[in-house]
Each structure stands twice: as structure tokens, then as C-alpha cells.
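1. my questions concern the predicted model and sequence given below.
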Amino acid sequence: MSRRATERDHAGLQRRLGHAFADASLLRRAITHRSHGADHNERLEFIGDSLLNCVVALLLFERLPGVPEGDLSRLRAGLVNQASLFEVAQGLELGEALLLGEGELKSGGFRRPSILADGFEALLGAVYLDAGFDAVRRVVESLFAERIDRVREAPPGKDPKTALQEALQGRRLPLPRYAVLSVGGEAHQQVFRVQCKVDELGLAGTGEGASRRSAEQQAAEAVLAQLAAGRRGPS
């Protein structure tokens, strides 16, 4: 059966987002995947990605005085990676509002982390065009408040892989397992996609990078975020 986003979905999404669009066409474009039509959300996603990084950087800078640049960069990467954005999009019930082509609907695209994360960034781009930077900041500050509070309480002093290893050792658990899921791109500009798994807790995270090491760091950071949130995988 085909899923179609309704006006009720759109109204609920705006309430959860904390922004009522003056220009409804911007919202519609933000929730339109390229599989659904030509007026899709990829250009809005491009804007939203930059806005999200900027706002999170500002919030961390303001709330973590004295924390060095390297740690701020790692914190920001953990807050804006795909796993984190997927969780935020799920909280917004964004999948219920997305406009997808029939193929993506049948394959469960409304549950796919990459589509939901990209859709959330597109929403931020649409908010900016609708009401400006301050409106984007209010939305991000509200949706990321708990995550930022957690990192304020325990700012990182170690790289994610080391921090995850020590966290698991403190629980008397085995080390995480890392696996390369794919290697793409040209030989001189490869992109590694790596998964980090903690089987004993049912947790898993993925990361991408120009090297296997950088991808592993991102994947470990995704699992650390789940640990900090007190999440466990399905039993």
C-alpha cells in the first residue's frame, strides 16, 4: 500500500520541529526526496548541512569555554554524524512526512538512516530560507539541547576509539569489533565506510572517512553517543 504524506503530517512535523513555515512550498521541497520529483530537497540539504555545523560549533564554543579546538571538533562531529541526525529525524517522525517515489516507498526508504538524516538537514535549509539564521539556531538548540548538555558534563579528553575502549573496559566488556563495509571513490580519493559493533550491548555505529582509521573514529563516536544516551540494542 502506498504511503502518502498528508497535511496533518506536515502540521505535526512543524510542531515537533518548532517552526511554522510562512512559505509552505519550502517545507514541501524539504521533505521531497529526489525519487519523488524534480523539485527535491538536495539543494536545501546542502545549505542545511553547513548551517547545522555552524550552529553546533557556536553552541559548543559558547557552552564549553576553555575546551581546545581539537576536542570541540570531535564533539561537533559526534553531534552531527549520520547516526545522531537519524535519531533526531526519528524523534521528529520525519519518515511519516517524507515524499518518496514508489520504489523508495517499497524498499522502506522512509526508515533509511541516510534519507532521514539528509531530510533533516534539508529542513534546516528550508527554515533558513523561510525565516533566517536565528530561526535555525532556535530549532537546533531545542532539538540538540540534551545531547549538548551531555557533552558539557563530560567533555572528551581522548579520541573516540580510545574513549570507547576504556568505557567498555570499565564495564568489563570485550573490545568493540570494527569491520569495513565498503570502499568507494577513485584510487587517489577513497572513501571508507566502517561499522563498529558492541555485541554484548547490541550497539552498532557506522562512520565514513578518507582513511580506515578516520572512519573507525567516526563509527566509535556513534557508539559512544548511544552509550551516553543509555541506549541498548534489541535483545
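-> Sure thing, it's come through.

2. element containing the residue nearest the centre of the chain, please.
-> Compute the mean C-alpha point of the chain, and by CA atoms, centre = their mean the closest residue is residue 85, 1.9 Å away. When secondary structure is defined using DSSP states H and E, the element that contains residue 85 is helix 82-91.

3. lowest-confidence helix or strand of this structure?
-> Least confident helix or strand, the chain: helix 145-153 with a mean of 78, by mean pLDDT, DSSP states H and E.

4. averaged pLDDT, the helix or strand that it is followed by. What do you get?
-> Next in sequence after helix 145-153, counting helices and strands by DSSP H and E, comes helix 160-170. In this model, helix 160-170 has an average pLDDT of 89.

5. one more: stretch 113-127?
-> Averaging the model's pLDDT scores along stretch 113-127 yields 94.

6. buried residues in it, which are they?
-> Of the residues in stretch 113-127, those buried by neighbour count under the rule 16 or more other CB atoms under 10 Å are 115-127. For the C-beta atoms, the positions are set from N, CA and C on the backbone; glycine is no exception.

7. need the contact list for the residue nearest to the centre of the chain.
-> When contacts are counted by CB atoms under 8 Å, 6 or more residues apart in numbering, residue 85 touches 52, 116-117, 120-121.

8. tell me which two of these sit farthest apart.
-> 52 and 116 (14.0 Å; CB to CB).

9. the residue of the chain most remote from its centre: what secondary structure?
-> Residue distances from the centre of the chain (CA atoms, centre = their mean) peak at residue 172, which lies 29.4 Å from the mean C-alpha position. Under DSSP: H, G, I helix; E, B strand; the rest coil, the three-state class of residue 172 is coil.

10. where does it fall, phi/psi-wise?
-> Residue 172 has phi and psi values of phi 60, psi 40 when expressed as degrees, to the nearest 10.

11. residue 87 versus that one, what's the distance?
-> Note on residue 172: its distance to residue 87, by CB to CB, to the nearest Å, is 27 Å.

12. cool, residue 228 as well?
-> For residue 228, the distance to residue 87 (CB to CB) stands at 12 Å.

13. neighbour count for those two, which is higher?
-> Remark: of residue 228 and residue 87, residue 87 carries more neighbours, 20 against 16, as counted by other CB atoms under 10 Å.

14. for residue 76, which non-adjacent residue is closest in space?
-> Counting by CB to CB, 6 or more residues apart in numbering, residue 56 is the residue found nearest to residue 76 once chain neighbours are left out, at 5.2 Å.

15. same check, this time on residue 79
-> Here the nearest residue to residue 79 in space, its sequence neighbours aside, is residue 56; by CB to CB, 6+ apart that works out to 5.3 Å.

16. surely the one you found is within a strand?
-> No. Assignment of residue 56 by three-state DSSP gives helix, placing it outside any strand.

17. what's around it, how many residues?
-> Burial of residue 56 is recorded as 23 neighbouring residues (other CB under 10 Å).

18. do the same with residue 34
-> Applying other CB under 10 Å, we find 15 residues neighbouring residue 34.

19. check contacts around residue 222.
-> When the contact criterion is CB under 8 Å, 6+ apart, the partners of residue 222 are 78, 81-84, 196, 205-207.

20. how does it look with 7 Å?
-> Residues in contact with residue 222, defined by CB atoms under 7 Å, 6 or more residues apart in numbering, are 81, 83, 205-207.

21. what does residue 151 give?
-> Counted by CB under 7 Å, 6+ apart, residue 151 has contacts residue 75.
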